[in-house]
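Visitor: everything below, folded, please.
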Amino acid sequence: MTTTTLAVLVPLLPFLGAVAGLLLGRTAPGFVRPLAVLPVLASLALAVTVAVDQGGGLAITSHTELTPTGSVPIELGLHIDGFAALVAVLVGVVATCVQIYSTGYLRDDPRYPSYAALVSLFTSAMLLVVYSGDLMVLLVGWEIMGICSYFLVGHYWETPEARAASLKAFLVTKLGDVPFLIGLFALATDAGSFRITAVLGTVASGGLHHPTVVALLLLAGVAGKSALFPLHTWLPDAMAGPTPVSALIHAATMVAAGIYFVARLLPVFQASAAAMVVLAVMAGVTMVGSGFAALAQDDIKRVLAYSTIGQLGYMAGALAVGDRGAAVFHLLAHGAFKALLFLAAGVIIHASGTNSLAAMSRMKDLRLRVPDAFWTMTVALLALAAIPPFSGFFSKEAVLGAAEHVATGHTEQAPGASGWIVLVTGLVTAVLTAAYATRLWLLAFRGHGAEAPDHGRQPVTMTAVLWVLAIPSLAFGLAFGPLPDWFDGRDLTPVLATSVLGTGLALVGGIVTYGAWRHTTALASRVPLGAVAAHPDADAGRVEAEAIASHEPAYGDVAQATDPADPGRLLLGPLHRHAAVGFHLDTVYSVLFVRPVQAGATLVRFLDREVVDTYVRGAGALPRWLGTAVRRAQTGNVQTYVSALLAGTVVLVVAAVLVATGA
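Guide: Residues are numbered from 1 along each chain as shown. Just a heads-up that it's a prediction; the model follows:
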């Protein structure tokens, strides 16, 4: 087969697997697991073959017009360059690991067939986005991912949290998709085609009439899909879904789609200096804000969710300084270690037997009970914190190095302001990332919470996947040498200044967090646990004094709700209560958007019921009254009828005489 044919099969096989899984899920349940794993595994093999054939050389392109439109044509086209080839491999690897992992994680779930089919459809949609050479076909995959995320996040629809999270994810992403669609139409109108190569050619020739407006419209959709500020609030709540779904969304689909889209169309955004600065601000706020929020979360999956938001900020920052090679490098490295983090968290939750025990304050010495999760998650957290030689160090330093080049004027591919914004916020985020990664490791594996029930050894399908993903989490960063041949040829070698500074700040963040944990642990050993639980937002010294004075009991059910050795409270101080709820951004949105819409709906309902319905009821009442009057006149008495007729005749005669006299 030709490379083009193989490329067509890459998104097609998971789609066919999804259809077959839905059709056979009830009638032939024995085929569900093979149909979940084998099509995605075959798609991965084909994606690797396509990547080898592409080899980082010229892009593989092919297109055919779907149907005559009479204006801007819509084409079913492929455009596979080095970026697309490697991202498709990442999607295939993560999706295969998730499907294999899910056979154990959801083995007793009655809705597993529909879940597996939706995961395959999700994978197919992302692969369509990656390989598509036409913006409208890309939009199809973009929107299919949105509806798949709605169903998968709401998989446990019996719980109100899952229902609310799925609806929130759908609405927030759709909020960004409306201007995104307008931007795509504006882009195609200027280019005369939806084909990506034609659009890029138009930008290169200066044919884009309103680059700033178009770029900002597109960024709205990217912010929603990739959970960038200010449309990031749906992602932490999406943790209500199954943990493997979180791994898929955070590592290789959905949130990666927005970053990949900007990387594919980066010249469109570079045509507007204002758009690049806006993207840099979005990236900076996303990085720093999510770092503080992650440091204040108790649920292990919400920590990882805010971590994903921060790492997406790094990718957006690389794009804001015009280096899509660094952005996609970090996208690939992040996909491996973030999938590992979520799947390891799933092992911890599975071992506890309930999703409610994802709270780190309830964990106690899990390193002895889940050694596979302990060792592999340690590797992933080191990669997340960008500690050399783990993969996150090389990819994150590529971002910081690119920002430093732009900030100092070595390159002019982006405004200098973008470089400084990304560099400063990136270094601050390096401290925060190491801090919350260290805190997660300490609370999860050396915590002092309640002893959860032991549900036995985990299935090999779950633990084996962790070790598979640990390999790229450890070693993929060493690919910084050959990767430029697959990208734009720009060097990805770590820069000495940012490497030393970034690593030093990461070590500071980790060491300070460890010191804070030791301090709070020592303090907790002298303070009754009930006192700490009763005063979760108070400073440690005041809690200790009040506990000694009041002689509160040392143990109790409430005491388990808060780990007295949580270093996050000590490090954040009064900021903790605000960071724990995402700096009240949901409340702001509720005041600015939700309440006005609800008030408007209430007004419309009032007008409809009390005004419009009143006129409608009145229009019906008048004929009813007339009918009642006429019915009462029908007495059946002939004399009455004759009298009325004579009276009417007299009235008519008198009226005629009066008219004639007047004339």
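Visitor: and the strands in the protein?
Guide: 60-67, 74-80 (DSSP state E).
Visitor: partner strands of the first one and their direction?
Guide: For strand 60-67, the pairing partners within the sheet under DSSP bridges are strand 74-80 (antiparallel).
Visitor: what's the burial count for the residue nearest to residue 473 when sequence neighbours are not counted?
Guide: Nearest residue to residue 473, sequence neighbours excluded (CB to CB, 6 or more residues apart in numbering): residue 337, at 4.0 Å. (Glycine included, C-beta is placed from N, CA and C.) Residue 337 has 29 neighbouring residues, counting by other CB atoms under 10 Å.
Visitor: equivalent analysis for the one 3 residues further on, please.
Guide: Counted with other CB under 10 Å, the burial measure for residue 340 works out to 32 neighbours.
Visitor: state the distance from it to residue 274.
Guide: In this view, residue 340 and residue 274 are 38 Å apart by CB to CB, to the nearest Å.
Visitor: likewise residue 631?
Guide: With CB to CB as the criterion, residue 631 and residue 274 are 75 Å apart.
Visitor: who's more crowded, the two?
Guide: Ranked by neighbour count (other CB under 10 Å), residue 631 and residue 274 place residue 274 first, with 12 against 8.
Visitor: isn't that one right up against residue 213?
Guide: No - shown here, residue 274 and residue 213 do not form a contact pair, counting by CB atoms under 8 Å, at 10.0 Å.
Visitor: just name the shakiest helix or strand of this structure by mean pLDDT.
Guide: Across the helices and strands of the chain, mean pLDDT, DSSP states H and E gives its lowest value to helix 540-550, namely a mean of 36.
Visitor: pLDDT score for the nearest residue to residue 318 once chain neighbours are set aside?
Guide: Closest residue to residue 318 apart from its sequence neighbours, by CB to CB, 6+ apart: residue 327 at 3.7 Å. Note for residue 327: predicted pLDDT of 96.
Visitor: what of the one 10 residues further on?
Guide: According to the predicted model, the pLDDT of residue 337 comes to 97.
Visitor: which residues of this structure score low on pLDDT?
Guide: Residue ranges of the chain with pLDDT under 70: 352-357, 449-456, 526-564, 663.
Visitor: give me the angle between the helix ranked longest in it and strand 74-80.
Guide: Counting residues, the longest helix found in the chain (DSSP state H) is helix 160-191. For helix 160-191 against strand 74-80, the angle by axes from the mean of the first three to the mean of the last three CA atoms, to 10 degrees is 100 degrees.
Visitor: helix 160-191 packs against which elements?
Guide: helix 135-153, helix 196-204, helix 211-225, helix 234-237 (3 or more CB pairs under 8 Å, 6 or more residues apart in numbering; DSSP states H and E).
Visitor: any idea which of the ones you listed is most buried?
Guide: helix 234-237 (a mean of 25; mean count of other CB atoms under 10 Å).
Visitor: quick one: contacts of it?
Guide: 161, 164-165, 168-169, 172-173, 227, 250, 255, 293, 297, 302, 305-306, 308-309, 582 (CB atoms under 8 Å, 6 or more residues apart in numbering).
Visitor: mind doing that once more with 7 Å?
Guide: Contacting residues not belonging to helix 234-237 are listed as 165, 168-169, 172-173, 227, 302, 305-306, 308-309, 582 [CB atoms under 7 Å, 6 or more residues apart in numbering].
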